[in-house]
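1. here is the input, now give the coordinates:
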Amino acid sequence: MGKSEKNVSKRDLLWIGTGMIPLVAGCSGFSGSPGTTGSNENSDPTSVVRDYLKAVENGEFEEAMQFVHPEGEFEQRAEQQVDAGNQAEFQEITVETLEQDEESALVMSEIVTRDGGARQRMYLELVLDNKEWLIHREVQPQDIDSEHLPEEDLTIEQRVQDVTPGDSFEVYVGPTDDATELFFEATDVSEVWGLGEESDYAYVRVDFSSEQGKEMEDIITNINSSNIIIVQYLDGEEIVSTSLSRNLITLIRDGLWAEDSELSLTYDDLETAERVAATILDLTDDV
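-> Model (predicted):
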């Protein structure tokens, strides 16, 4: 299964976090209470971000910049967003202060545009400067305490941070349920793509290098059957047996998979998926 794709316009991409502004060590945590009010009676973090987004929607750069700290790291991003917002109409704006103390606040904003209806989320750090709350920079989800993040914004590491990994994870492949050809081991996986719930199953996506993908492609091509079974073992015990889809088998045999190869492993329950993901991460870290 390939990465999930959404109909996102070039304009919408300006709203998606780019990771260009890493947090300085020690600045990712906020010790205040959620939703508290700053010292300025005419300004609170939630209102500032909401007013900023309204200025963005109206394409009013000077107005938007009144809510941006002049010495912060957000001015260029704001300019991009004003340019994009001038071409869009927001159907919905949601703003929530997640953490706040006397000097800083973490605010989550979410907009829905009328043209595409895509939900776009942004996390902002605000600082109190001369009794005025101003947007200082954008914060990436991986730098935020997981308790404040919706499930879809959690990184794979955050999702499984409290899960005990297994000692081994292997996948075998064959034309029948007694698959005996080693397809890949956890140490062969170069990246975990994601983890979540979809319909009635949970999944873990694993990404392979083109070299590893070519080896797996050769294995599948040499199996003279249209019914190919993959069997997963965690700590030496079988946990799930599934069939590769015919579409994927065709892609692999036509040589269209190895250059950008990834595989979606499915499970009946989220607990098993999380343990597999934790095991893969743990073993690849040891390589």
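2. count the neighbours of the closest residue to Glu152 other than its chain neighbours for me.
-> Distances taken as CB to CB, 6 or more residues apart in numbering place Gly196 nearest to Glu152, at 7.2 Å, with adjacent residues excluded. Every C-beta, even on glycine, is put in place using the N, C-alpha and C of the backbone. A total of 16 residues lie near Gly196 under the criterion other CB atoms under 10 Å.
3. looking at the protein, which helix or strand does the model trust least?
-> Using mean pLDDT, DSSP states H and E, helix 10-13 stands out as the lowest-scoring helix or strand of the chain, at a mean of 35.
4. which residues does Val173 contact?
-> Neighbouring residues of Val173 by CB atoms under 8 Å, 6 or more residues apart in numbering: 179, 181, 183, 219-220, 223, 228-231, 244.
5. that older thread, now do the buried residues in the strand or helix carrying the residue nearest to Glu152.
-> Applying DSSP states H and E as the criterion places Gly196 in strand 191-198. Neighbour counts over strand 191-198 (16 or more other CB atoms under 10 Å) mark 192-196 as buried.
6. next secondary structure element downstream of it?
-> Trace forward from strand 191-198 with DSSP H and E and the next one is strand 201-207.
7. who touches that next one?
-> With CB under 8 Å, 6+ apart, strand 201-207 has contacts from 1, 3, 189-196, 261-270, 272-274, 276-277, 280.
8. would you show me how to pick out the buried ones of those in PyMOL?
-> A single PyMOL command selects the buried members of those (16+ other CB under 10 Å):
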select buried, resi 189+192+193+194+195+196+261+262+263+264+265+266+267+272+273+274+276+277+280
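9. cross the contacts of strand 201-207 against strands and list the overlap.
-> Among those, the members falling in strands (DSSP state E) are 191-196, 262-267.
10. using pLDDT, spot the least trustworthy of those residues.
-> Of all the ones in strands among the contacts of strand 201-207, Gly196 carries the smallest pLDDT score, 72.
11. residues contacting Tyr233?
-> 168-172, 239.
12. same check on Asp268?
-> Contacts of Asp268 (CB under 8 Å, 6+ apart): 200-202, 240.
13. now what about stretch 107-117, what contacts it?
-> 7-9, 12, 15, 45-46, 49-50, 53, 88-98, 118-126, 148.
14. quick one: buried residues of that stretch?
-> Buried-residue list, stretch 107-117, by 16+ other CB under 10 Å: 107-109, 111, 113, 116.
15. buried among the contacts of Asp268? Make that a ChimeraX selection.
-> Only the buried entries of the contacts of Asp268 go into this ChimeraX selection, using 16+ other CB under 10 Å:
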select :202,240
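16. noted, bye for now.
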